[in-house]
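Provided below for reference: sequence and predicted model.
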Amino acid sequence: MKTMTVEPCTLMIFGALGDLALRKLFPALYQLDRTALLSAEIRVLALDSSAGDGLIQVNRIVEQLRNHVPLHEQDDEVIGRLIDRIAYQCLDFTQQHDYGQLADRLGEGGQLIAYFATPAFLYGGICAGLAGAGLAERTRVVLEKPIGHDLASSRVVNEAVAKFFPEDRTYRIDHYLGKETVQNLVALRFANSLFETQWNQHHISHVEITVAEEVGIEGRWGYFDKAGQLRDMLQNHLLQLLCLIAMDPPSDLSADSIRDEKVKVLKALVPVGLAQLSDSVVRGQYVAGNSLGRVLPGYLEEENANAESDTETFVAMRVEVRNWRWAGMPFYLRTGKRMSEKQSQIVLHFKAPPHYIFAPAQRPLVGNKLIIRLQPNESIELQVMTKEQGLDRGMQLRGGPLQLNLASAPGRNRIPDAYERLILEVMQGNQNLFVRKDEIEHAWTWCDQLITGWEQQGDRPRPYQAGSWGPSASIALMARDGHSWYGDF
Ligand code: BG6
């Protein structure tokens, strides 16, 4: 493994007792330490508004850590080291006086990272607090999604941050960009000349991107209901995946070269006007259903639900990218909560050969597929056609996989969580896995027209059973073009 050089720094986690920090950030720091990627000089300052003894709060963090790190990966020595790194400070995010105390504690000099694991409306105030205490100059800020709920509100947040922190010290998280297989997309596309000549609408008939979640709302009804699946998943994770699939080769691996190419894709997304909305987009909301013998409640029956809500928990859509490479070719995006299983995958369907010479009945079989499984069971599979074996089989065709199983690749016994990579990248000052301001703005501009369209239409989302693959209209969405979702059963 490449030795990482991470300069000593202090990582301040704002919202250190919140769900994200406890479930993802501290476990990620633990894993980085366990795999010897965190130098001894890296300190962690956990900041939250709960008063009380610092040691008790650190213990609370560690207790939670034990719930979120697999038992066989728990090592008391590493946990002990992590406890030594962490200090807790009670901080009222809105009180300048508290930032003064923070500055006193941090002393002079040294690289700082401020990770905002808080709601976005607090970001501006925290930035002002850090700047008022003279800490801004040596700080990189990390912003969690969602940044706003539309273009206008995301601008308010970004501008409040930009008053104190330039873009090159602002790291906007989309944790999908830190996933191992998503990273692999860049390697697959740009380190193999095999694909590049085929990677366009001349050779590919359509592309599917599915991010299906088995879980429901997980106690986050209040947050989720204001967002919905379009804002929670599609505006960020799915559009980022689409960008990585559709973008042109960047001239180098620098953050701006990659982000410039992604922005070009976002700008080329064909708008979906009111007239096309019903045919191109399916909104769904889950109702009670079953999965593996378990009865699952509907979205409106979840804890704290408002029974009138028309927030979508599922979106499927047909999207086109209007440029030389992709004009006229459909991308189908689909994401939902409480679906049949957790499955994130991208499937590129290649066109059949121009001249067909095998048995007519087998014609529908022909056409290569490249299946990129992001989770679970990370793998890259190329479906190719071969001949059935045996003297009696003539020239009978069969599809079979050429497979690269990343989850069990040699020398790799675990796939790191996205947050491990992202924290490390911020510490190293690398921005290419983070989202630039203009990317967010173009993504919001495109999603805003869908949201406005839905509001004008006033239709309720279509019901689908919890534990299923979504409303039947999403099957019809592809069927109209003669396609079907790969692997649904
Ligand atoms: C988050 C969403 O960004 O991604 C959650 O807010 C969602 O609602 C989660 O469950 C899914 O992430 P992953 O890595 O489990 O696919």
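Perfect, I can see it now.

Give the pairing partners of the helix or strand of the chain with the lowest mean pLDDT; include direction for each.
The helix or strand of the chain with the poorest confidence is strand 397-405; it has a mean of 84 (mean pLDDT, DSSP states H and E). Within its sheet, strand 397-405 is paired with strand 379-387 (antiparallel), according to DSSP bridges.

In stretch 323-336, which residues are buried?
323, 325-326, 329-336 (16 or more other CB atoms under 10 Å). From N, CA and C alone the C-beta is placed, and that goes for glycine too.

To clarify, my last question referred to stretch 287-294.
Those would be 287-289, 291, for stretch 287-294 by 16+ other CB under 10 Å.

same deal with stretch 422-441?
For stretch 422-441, by 16+ other CB under 10 Å, it's 422-427, 429, 431-441.

circling back to that earlier point, extract the CA atoms of the least confident helix or strand of the chain and return them as PDB.
Output of strand 397-405 as PDB, limited to C-alpha atoms (Å, rounded to 0.1, in the frame of the first residue of the first chain):
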ATOM      1  CA  LEU A 397     -24.800 -18.900 -27.500                       C
ATOM      2  CA  ARG A 398     -24.600 -18.200 -23.800                       C
ATOM      3  CA  GLY A 399     -23.800 -15.100 -21.900                       C
ATOM      4  CA  GLY A 400     -21.200 -15.400 -19.200                       C
ATOM      5  CA  PRO A 401     -19.200 -13.000 -16.900                       C
ATOM      6  CA  LEU A 402     -15.600 -11.900 -17.000                       C
ATOM      7  CA  GLN A 403     -15.500 -10.800 -13.400                       C
ATOM      8  CA  LEU A 404     -13.300  -8.700 -11.200                       C
ATOM      9  CA  ASN A 405     -14.400  -9.400  -7.700                       C
END
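
what does it rub up against?
With contact meaning CB atoms under 8 Å, 6 or more residues apart in numbering, strand 397-405 is reached by 358-359, 362, 365-366, 377, 379-388.

And those residues, which is the shakiest by pLDDT?
Ranked by pLDDT, those bottom out at residue 365 (80).

got a list of what that residue touches?
385, 397-399.

Give me the buried subset of these.
Among those, the ones that count as buried (16+ other CB under 10 Å) are 385, 397.

Relative to residue 39, which of the contacts of residue 365 is nearest.
residue 399 (48.9 Å; CB to CB).

That closest one and residue 52, how far apart?
Applying CB to CB, to the nearest Å, the value for residue 399 to residue 52 is 61 Å.

Quick check: the closest residue in space to residue 148 that isn't next to it in sequence vs residue 111, distance?
Closest residue in space to residue 148, ignoring its immediate chain neighbours: residue 154 at 3.0 Å, by CB to CB, 6 or more residues apart in numbering. Using CB to CB, one gets 28 Å for the distance from residue 154 to residue 111.

Residue 311 now?
41 Å.

The two: which has the busier surroundings?
Neighbour tally, residue 311 and residue 111, criterion other CB atoms under 10 Å: the higher count belongs to residue 311, 21 against 16.

Contact partners for the nearest residue in space to that one that is not next to it in sequence?
Leaving out its chain neighbours, the residue that sits closest to residue 311 by CB to CB, 6+ apart is residue 228, at 4.4 Å. Residue 228 sits next to 311-313 when contact means CB under 8 Å, 6+ apart.

Quick check: pLDDT value at residue 228.
Value for residue 228, per-residue pLDDT: 96.

Please identify the helix or strand for it.
Per DSSP states H and E, residue 228 falls inside helix 221-229.

and the helix or strand just after that helix, what other elements does it pack with?
The helix or strand immediately downstream of helix 221-229 is helix 239-246, counting by DSSP H and E. Applying 3 or more CB pairs under 8 Å, 6 or more residues apart in numbering; DSSP states H and E, we find helix 239-246 packed against helix 180-190, strand 204-212, helix 255-268, strand 330-336, strand 343-350, helix 437-457.
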